[in-house]
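Chemist: just need the structure, nothing else, for what follows:
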Amino acid sequence: MGVRVRRLRTRLIGVAADERGLTVVEMMIVMVVLVIVLGFTLMGFASLMRSATGANERLQNLDQARVIMANVARDIRTATPLEPGKAAFTNATSTTATFYANLRPTTGPLKIRLYVNASGQLIEERTAPDAGSIAPQYTYTGSPTTRIDGNYVANTGSQPIFAYYDSAGALLAAPLSASDLIKVRAVDVTLFIKRPTGINAAGTTLVNRVRIPNAYFGATGGT
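Modeler: Reported below is the predicted structural model:
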């Protein structure tokens, strides 16, 4: 009988010991583990959000670069000399291009100037030929009309916007001399677009070589 009582007491003590729950130390260890797991989870989520935001910014930069490139390429592609044997370009540097463009052949070429202002906007200036001027001796003394082809152009000194090539594909040193202006047969346009945002997203570079099919021909049209 005594032996049975001792065995029953031992079992009750064991059950009571099992029902004591967690100690303070054990609880602190569990909380530390949970904090670590939660920290890694939040870090992963933040990294995922930064990646998604960066991808969205790069896409917006690319869209802006495409819009600007389409406008600039269209203008340069129509560059034409006022008469055979003359240059289509009147000024050609790494950041500025001025040329005659056959955008309105029935009224004479427009004089186009492309450049980037201090705000990172690519500006297109258009000057129409003076009223009464006759092909090919067009004159351009009027005030130009100005439009913004795009924003966020962030080319640096090592990333020229314009580069000029002759018929053999040789690079012409900018700014072009008077003798080199007549040799231009293609223009490389390089656009580095970077929107000013609060995140460290990389900019987007878009390059396009625009050939000038009218370089060998004189302008047409008259007033």
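Chemist: can you give me the buried ones in stretch 144-160?
Modeler: Applying a neighbour-count criterion of 16 or more other CB atoms under 10 Å, one finds Pro144, Asp149, Gly150, Tyr152, Val153, Ala154, Asn155, Pro160 buried in stretch 144-160. Glycine gets a C-beta too; all of them are placed from N, C-alpha and C.
Chemist: wait, which of those residues is closest to Pro196?
Modeler: Distance to Pro196, by CB to CB, is smallest for Tyr152 among these, at 7.4 Å.
Chemist: relative to Asn102, how far out is that closest one?
Modeler: 30 Å (CB to CB, to the nearest Å).
Chemist: ok, now Met31?
Modeler: Counting by CB to CB - Met31 and Asn102 are separated by 76 Å.
Chemist: quick one: which of these two has more around it?
Modeler: Asn102 (18 against 10; other CB atoms under 10 Å).
Chemist: thought that one was touching Ile76?
Modeler: No - counting by CB atoms under 8 Å, Asn102 sits too far from Ile76 to count as a contact (11.5 Å).
Chemist: ok, now which ones touch the most centrally placed residue in the chain?
Modeler: Nearest to the mean C-alpha position of the chain, by CA atoms, centre = their mean, lies Ile193 at 2.4 Å. Listed by CB atoms under 8 Å, 6 or more residues apart in numbering, the contact set of Ile193 reads 61-62, 64-65, 68, 150, 152-154, 203-206.
Chemist: for it, give the beta-bridge partners.
Modeler: Val153, Thr204 (DSSP bridges).
Chemist: packing partners of whichever helix in the chain runs longest?
Modeler: Longest helix in the chain by number of residues, with DSSP state H as the criterion: helix 24-77. Applying 3 or more CB pairs under 8 Å, 6 or more residues apart in numbering; DSSP states H and E, one finds that helix 24-77 makes contact with strand 96-101, strand 110-116, strand 122-127, strand 145-150, strand 186-193, strand 204-211.
Chemist: tell me the mean pLDDT for the third one?
Modeler: Think strand 122-127. In this model, strand 122-127 has a mean pLDDT of 96.
Chemist: what of stretch 197-209?
Modeler: Rounded mean pLDDT across stretch 197-209 is 84.
Chemist: got the end-to-end distance for that stretch?
Modeler: 30 Å (CA to CA, to the nearest Å).
Chemist: list the buried residues of that stretch.
Modeler: For stretch 197-209, burial by neighbour count (16+ other CB under 10 Å) applies to Ala201, Gly203, Thr204, Thr205, Leu206, Asn208.
Chemist: list the contacts of the second one.
Modeler: What it means is Gly203. Counting by CB under 8 Å, 6+ apart, the residues that Gly203 touches are Asn61, Ala154, Phe192, Ile193, Lys194.
Chemist: isn't the second one right next to Ala118, touching?
Modeler: Yep, that's Ala154 we're talking about. No - with contact taken as CB under 8 Å, Ala154 and Ala118 are classed as non-touching, separated by 12.0 Å.
Chemist: skipping its backbone neighbours, what lies nearest Asp188 in space?
Modeler: Distances taken as CB to CB, 6 or more residues apart in numbering place Ala163 nearest to Asp188, at 4.0 Å, with adjacent residues excluded.
Chemist: for that neighbour, give its distance to Leu172.
Modeler: Ala163 is 8 Å from Leu172, by CB to CB.
Chemist: then Arg185?
Modeler: Taken as CB to CB, the span from Arg185 to Leu172 is 10 Å.
Chemist: find residues that contact each of those two.
Modeler: Tyr165, Asp166.
Chemist: name the helix or strand for Ser167, please.
Modeler: Under the criterion of DSSP states H and E, Ser167 resides outside all helices and strands.
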